[in-house]
Every structure is written in C-alpha cells, then in structure tokens.
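Asks: Need coordinates for the following:
(one chain, ligands or ions: 1)
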Amino acid sequence: MTETGRLLIVHGPNLNLLGTREPEIYGTATIEDINELCRETGRQLGFEVETAQSNHEGELVDAIQDARSTADGIVINPAAYTHTSVAIADALAAVGLPVVEVHLSNVHAREEFRRHSYVSPLASAVIAGAGITGYRFAVEHLAELLGNGS
Ligand code: DQA
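Replies: Okay, the predicted model is just below:
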C-alpha cells in the first residue's frame, strides 16, 4: 500500500533498556523490536512510522512539538512521566494530534501511583497490559481513526 499518513512513536525514560529491564514485568522484547512491529504494522496500513526515545522530559516535549509538522498521530508510552509530567500532557494538548497511550504492563494492577496518568484524558485510546502487542493495537487504532485503515 502507498504510504499516505505518518505516525510518531514516542518512548519515555528507561524504555531504551527493554529486553533486560525487569523482564518479568516488561517482557524480553527490545525497543527496536517494538519499533519494527510499529513500522511493519504501519506499512501494512499505509503509514510511515517515525520513532523517538528519550530519558529527558524536555527532549520528549521537543519531539512531541516537532510532530506538529511531521506526523498525523502519536503513539506514546510516557513511562514514568505518565504519572508526573504536566509538560508532556501540555505538549500533547498543544499539538492537538490524535494520541494513543500505551503501557506494556497493566499499570492498574501495580502500585497505586501508577494508576494516575496526566496523558489519559488527552488520549483517544489507552492500552495497558498487552505487552508489545499493545503497540500494534495502537497503530491499528490510529490508522482506523485517520482513515487509512482497511
Ligand atoms: C510503563 C509503566 C510505567 O508505570 C513505568 O514507569 C514504565 C513503563 C509500561 O510500559 O508498563 O516505565 O509505562
């Protein structure tokens, strides 16, 4: 299929360590495995997929702001910043693109502080606990929302 839309996948802090980071919680797939899954799913649905990861809040804000001119939708796992960052939520609101929030683990089955998300009120969909498959669901959802889905 010809690529007609663009998606940005944003990975928050410590997700660069996936594969070795607490595999009993986050699984053994690496961030590159996730990026490849997103690129492949996007390709099948007509979307070009860009990816970004940072351990720094301001860099994540910059990546989200840049998406204004480079993407049609955002998939974000803000990781720990989910629970703390007004700046990331404000950037997503400012950009105004459709957003899907993804968590590898079921944040609702863990510590109490993981149950609150600054991002969820801005998200078109929130996917938690499906492991890396959650990213495929997220890309499929955005494709359907943006009209490039089958
Ligand atoms: C996470 C859940 C967050 O609470 C945690 O801080 C992470 C990863 C997840 O994907 O399950 O770093 O977003």
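
Asks: send the alpha carbons of the helix or strand bottoming out on mean pLDDT in the chain over as CSV?
Replies: Least confident helix or strand, the chain: helix 23-26 with a mean of 95, by mean pLDDT, DSSP states H and E. Taking Å, rounded to 0.1, in the frame of the first residue of the first chain, the C-alpha atoms of helix 23-26 are listed here in CSV:
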residue,chain,number,x,y,z
PRO,A,23,11.7,-8.8,32.1
GLU,A,24,9.1,-10.3,34.5
ILE,A,25,7.2,-7.1,34.2
TYR,A,26,8.0,-5.7,30.8
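
Asks: what residues does that helix touch?
Replies: With contact meaning Cβ atoms under 8 Å, 6 or more residues apart in numbering, helix 23-26 is reached by 18, 104-105. Yep, even glycine has a C-beta here, placed from its N, CA and C like the rest.

Asks: Would the host helix or strand of Leu145 count as contacting the ligand?
Replies: Taking DSSP states H and E as the definition, Leu145 sits inside helix 133-146. No: Helix 133-146 is not in contact with the ligand by Cβ under 6 Å from any ligand atom; minimum separation 8.3 Å.

Asks: Return the set of buried residues in that helix.
Replies: 134-143, 146 (16 or more other Cβ atoms under 10 Å).

Asks: nearest to the ligand, of the residues you listed?
Replies: Nearest to the ligand, judged by Cβ to the nearest ligand atom, of the buried residues of helix 133-146 is Gly134 at 8.3 Å.

Asks: Wait, the closest one touches Ser105, no?
Replies: No: counting by Cβ atoms under 8 Å, Gly134 stays clear of Ser105, with 9.8 Å between them.

Asks: show me which of the contacts of helix 23-26 neighbour the ligand.
Replies: Restricting the contacts of helix 23-26 to those touching the ligand (Cβ under 6 Å from any ligand atom) yields 104-105.

Asks: Can you lay out the contacts of helix 23-26 as TSV showing secondary structure, neighbour count and pLDDT?
Replies: As requested, the contacts of helix 23-26 are exported to TSV (DSSP: H, G, I helix; E, B strand; the rest coil; neighbours: other Cβ atoms under 10 Å; pLDDT from 0 to 100):
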residue	secondary structure	neighbour count	pLDDT
Leu18	coil	23	98
Leu104	coil	23	98
Ser105	coil	18	98
